[in-house]
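Novice: Turn this into a structure:
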Amino acid sequence: MADGCLLSAIRYLLSAICHLLLAKMKFPFPFSFLNKQPDIFLPLLLKQAEHTVDGLHALQEYMRDQNHEAAQRVKKVEKEADEVRRILIDELNRHFVTPMDREDIFALSRAIDDVIDYADTTTEEMEMLGVKPNDYLKRMVSLLSDAAEEIQKGVLRLNDHPNVANDHAVRAKALENRVESVYREAIAALFVGPKNVEDVVEMLKLREIYRHLSNAADRGDEAANVIGDIVVKKV
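Specialist: Predicted coordinates:
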């Protein structure tokens with residue numbers, strides 16, 4: 001394990017040195033060939049973000065009329081997003097030099113993936129527990145969908161317009177904060193006047209679903225933070 005840690009540290013140090021030489025010293029040789037490698041990671045991150053947008057749109061449709069086909073579409077998109085993440089991790093393990101810090105690539109991929117994972121568990125448990133959509137759920141999902149779109153736009157602009165990417169990340173964070181506000185409203189409403197055991201059971205079910213959406217908001221917030229970190233290192 002110690003050898004593995006040492007190897008990772010050496011690889012990270014050498015990668016940082018190469019990036020520094022390329023960015024600051026601009027040697028035409030022998031380092032210029034490193035710049036010619038296409039960026040395979042940003043397209044994969046963008047694909048993940050696009051899957052998340054598609055999944056959240058399907059979740060919105062599910063919240064409108066509890067359409068089982070929409071729930072199945074969320075699950076399908078989640079599986080496709082998982083496959084993209086597996087490819088990204090494999091490429092990350094294969095490449096010595098990466099266009100962004102490998103830790104940032106990994107963290108952004110994981111955070112985006114977590115959002116669609118929570119969308120899938122939301123529909124899965126609503127179907128399993130027999131929970132019907134209410135206004136709080138619809139509001140939270142609508143805000144999450146908007147935030148997912150901002151994250152997707154942020155990833156899209158990371159390379160050519162990093163400051164615009166950061167603007168989208170800031171907007172995503174503002175939307176995530178609004179999700180948390182609705183979540184607190186929803187939790188407070190649960191404790192107003194349960195009259196019998198059936199009400200308590202329903203309260204526990206709803207609390208579980210609210211928690212999934214709140215967790216999705218937290219992971220979206222983390223994705224926005226990572227985009228901001230990448231932008232700081234670029235400019």
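Novice: Let me see the ranges of the helices in this structure.
Specialist: Shown for the chain, the helices assigned by DSSP state H span residues 2-20, 32-35, 41-65, 68-94, 102-129, 135-156, 162-190, 197-234.
Novice: Quickly, which of those bottoms out on average pLDDT?
Specialist: When these are ranked by mean pLDDT, helix 32-35 comes last with a mean of 44.
Novice: domains of this structure?
Specialist: The record's domain split for the chain, according to automatic domain parsing, is 1-36, 38-234.
Novice: May I see those arranged in CSV, with mean neighbour count as well?
Specialist: Any C-beta I mention is one placed from the backbone N, CA and C, and that applies to glycine too. Compiled in CSV, those are given as follows (neighbours: other Cβ atoms under 10 Å):
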stretch, mean neighbour count
domain 1-36, 10
domain 38-234, 19
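Novice: Is Leu190 in contact with Ile209, as I believe?
Specialist: No: counting by Cβ atoms under 8 Å, Leu190 sits too far from Ile209 to count as a contact (11.0 Å).
Novice: so who does the nearest residue to Lys153 once chain neighbours are set aside touch?
Specialist: Of all residues not flanking Lys153 in the chain, His168 sits nearest, at 4.5 Å (Cβ to Cβ, 6 or more residues apart in numbering). His168 makes contacts with 150-151, 153-154, 157, 227, as judged by Cβ atoms under 8 Å, 6 or more residues apart in numbering.
Novice: who's in contact with the residue nearest the centre of the chain?
Specialist: In the chain, the centroid-proximal residue (Cα atoms, centre = their mean) is Ile112; its distance is 1.7 Å. Ile112 is in contact with 45, 48-49, 52, 81, 151, 155, 219, 223, counting by Cβ under 8 Å, 6+ apart.
Novice: how does it look with 7 Å?
Specialist: Residues near Ile112 by Cβ atoms under 7 Å, 6 or more residues apart in numbering: 48-49, 52, 151, 223.
Novice: So Ile227 versus Ala81, what's the distance?
Specialist: For Ile227, the distance to Ala81 equals 18 Å [Cβ to Cβ, to the nearest Å].
Novice: do Glu50 as well
Specialist: Distance, Glu50 to Ala81, using Cβ to Cβ: 9 Å.
Novice: Check Ala217 too.
Specialist: Distance from Ala217 to Ala81, by Cβ to Cβ: 18 Å.
Novice: Kindly report the same for Ile151.
Specialist: The gap separating Ile151 from Ala81 is 13 Å, by Cβ to Cβ.
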